[in-house]
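>>> next one to model:
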Amino acid sequence: MIIGIPKEIKDNEYRVAVVPGAVKELAKHNTIYIEKGAGLGSGITDQEYIDAGAKVLDSSKEVWEKSEFIYKVKEPLEEEYQYLREGLIVYTYFHLAGNKALAEELVKRKVISIAYETLQLDNKLPLLRPMSEIAGRMAVQEGARFLTIPEGGRGILLQGVPGVRPANVVIVGAGTVGTAATRIAIGMGARVTVLDVNIDALTAITNIFPDKVETLYSNPLNIEEAVEHADLVISTVLIPGRRTPQLIKENYVKKMKKGSVIVDVAIDQGGSTDLTKDHPTTHSDPTFVAHDVIHYAVANIPGAVATTSTYALSNATTKYARAIGDMGLKQACEKFPEIISAINTYDGYISFEPVSEDLDMEYKQANIK
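Take a look at the predicted model:
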């Protein structure tokens with residue numbers, strides 16, 4: 001198969017889909033085209049890709065048009081829609097529940113979209129997990145930065161000092177992102193409260209961080225009270241493939257202290273607060289202020305640490321890219337049935353039911369040919 005790796009064009013997105021070691025494996029049975037300079041943001045030169053067996057092309061247009069299988073990091077942007085065509089396989093993060101315009105383009109052009117974020121194996125999301133780990137860690141880092149006065153924050157040091165209380169950090173969600181955020185926040189000395197509806201997840205958090213974290217069942221009253229007293233709120237809510245519910249209401253935010261910070265890690269699925277909903281930000285302009293509270297809603301948080309993120313992502317995704325390239329999609333799905341859960345559009349239809357329900361678009365199960 002002809003596999004193409006274009007350069008990412010999302011604002012301040014420095015990741016690349018695949019590293020040279022993985023290219024060497026892919027190139028054994030496939031032709032690999034990579035756009036010139038695609039890996040530079042992650043510290044990988046064109047020559048390293050050439051040495052691994054790839055062919056470097058000068059433009060994104062060439063990569064898209066010559067390839068049967070596009071291997072990316074982030075969803076195609078509007079300027080890339082022109083390259084979408086019937087039968088093209090695109091393997092990347094899509095987050096379609098929060099992006100109806102893209103879903104409509106993929107359906108109209110009969111693209112086979114394979115979404116990292118919905119591939120499920122043993123009730124886990126193995127292609128989402130590495131970026132969730134990074135996003136959770138970075139959410140605390142970024143939140144701590146925006147709590148400083150030069151960034152408009154309250155002037156709070158997360159860990160405090162002897163005789164002064166540390167910051168109060170509230171984390172909504174005890175999944176992969178929430179656990180990673182909890183680890184960093186506790187490590188920095190903050191007071192941490194974690195909310196979730198899953199008692200088993202809260203039990204796991206308590207077992208990992210005994211005597212260092214407060215856990216609460218996630219209901220509107222507990223969220224409201226926790227958010228009101230928080231210096232930093234990190235919202236990590238995730239329902240696989242679905243648009244994120246807005247659990248943090250505007251009236252909760254109005255009660256927060258001036259200069260407090262909310263980091264919405266769930267923004268790529270539509271946002272988990274009333275105020276960040278449909279208001280994603282970028283690394284170039286990462287925050288906005290509403291009701292005197294700083295809102296951070298960057299949709300590609302791991303892109304800021306591209307070297308780490310690229311290697312982590314490539315480690316997770318190459319297994320399936322290699323299977324599809326070497327065997328074709330049908331045989332790859334037979335060997336790895338979990339790939340079917342990642343197919344979001346196929347043959348002109350939405351083929352992942354939660355996305356079709358959230359977007360009110362017709363669903364049809366993929367009949368892989």
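>>> make it CA atoms for all contacts and neighbour counts henceforth
OK.
>>> tell me the SS of Pro240?
For Pro240, the assignment made with DSSP: H, G, I helix; E, B strand; the rest coil gives coil.
>>> which residues touch Gln365?
350-352 (C-alpha atoms under 8 Å, 6 or more residues apart in numbering).
>>> again, but for Ile223
Here Ile223 is in contact with 172, 195, 247-248 (criterion: C-alpha under 8 Å, 6+ apart).
>>> so which of the residues you listed is the most crowded?
Top of the contacts of Ile223 by neighbour number is Val172, holding 28 neighbours under the definition other C-alpha atoms under 10 Å.
>>> look up how far Thr118 lies from that residue.
21 Å (C-alpha to C-alpha, to the nearest Å).
>>> and stretch 158-178, how far from the chain's centre?
22 Å (C-alpha atoms, centre = their mean, to the nearest Å).
>>> try stretch 294-310
The answer for stretch 294-310 is 9 Å, by C-alpha atoms, centre = their mean.
>>> buried residues in that stretch, which are they?
Going by neighbour count (16 or more other C-alpha atoms under 10 Å), the buried part of stretch 294-310 is 294-307, 309-310.
>>> and if you look at stretch 320-334?
Buried, per 16+ other C-alpha under 10 Å, within stretch 320-334: 320-326, 329-330, 332-333.
>>> make TSV out of those and add secondary structure, distance to Asp274 and pLDDT.
Formatted as TSV, the buried residues of stretch 320-334 follow (DSSP: H, G, I helix; E, B strand; the rest coil; distance: C-alpha to C-alpha, whole Å; pLDDT from 0 to 100):
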residue	secondary structure	distance to Asp274	pLDDT
Tyr320	helix	36	98
Ala321	helix	37	98
Arg322	helix	41	98
Ala323	helix	41	98
Ile324	helix	40	98
Gly325	helix	42	98
Asp326	helix	45	97
Leu329	helix	40	97
Lys330	helix	42	97
Ala332	helix	41	98
Cys333	helix	39	97
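>>> keep only those of the buried residues of stretch 294-310 that are in helices.
306-307, 309-310 (DSSP state H).
>>> could you pull out the strands for the stretch 251-369 of the chain?
Using DSSP state E, counting those that start in this stretch, the strands of the stretch 251-369 of the chain run over 261-264, 287-290, 293-296, 343-346, 349-350.
>>> related to what we said a few turns ago, how about a markdown table for the contacts of Gln365, with pLDDT and distance to Ala38 added?
Shown next, in a markdown table, are the contacts of Gln365 (pLDDT from 0 to 100; distance: C-alpha to C-alpha, whole Å):
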| residue | pLDDT | distance to Ala38 |
| --- | --- | --- |
| Ile350 | 97 | 30 |
| Ser351 | 97 | 30 |
| Phe352 | 97 | 30 |
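>>> pick the one among those closest to Leu359.
Closest approach to Leu359 among the contacts of Gln365 (C-alpha to C-alpha): Ile350, at 9.5 Å.
>>> is it true that the closest one touches Asp358?
No - the criterion here is C-alpha atoms under 8 Å, and Ile350 misses it with Asp358 at 11.0 Å.
>>> hmm, Ser235 and Val169 touching each other?
No - shown here, Val169 and Ser235 do not form a contact pair, counting by C-alpha under 8 Å, at 10.8 Å.
>>> need the overlap of contacts for these two.
Common contacts of Val169 and Ser235 (C-alpha under 8 Å, 6+ apart): none found.
>>> gap between Leu106 and Asp274?
In terms of C-alpha to C-alpha, Leu106 sits 28 Å off from Asp274.
>>> which one's more surrounded, the two?
Leu106 (28 against 17).
>>> quick one, helices of the protein?
Going by DSSP H, the chain shows helices at 20-26, 46-52, 60-66, 100-108, 129-146, 176-187, 199-208, 220-228, 250-254, 306-327, 329-335, 353-359.
>>> a markdown table for the ones you listed, including distance to Ile343?
Shown next, in a markdown table, are those (distance: least, C-alpha to C-alpha, whole Å):
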| stretch | distance to Ile343 |
| --- | --- |
| helix 20-26 | 21 |
| helix 46-52 | 28 |
| helix 60-66 | 20 |
| helix 100-108 | 12 |
| helix 129-146 | 18 |
| helix 176-187 | 23 |
| helix 199-208 | 28 |
| helix 220-228 | 34 |
| helix 250-254 | 35 |
| helix 306-327 | 12 |
| helix 329-335 | 10 |
| helix 353-359 | 10 |
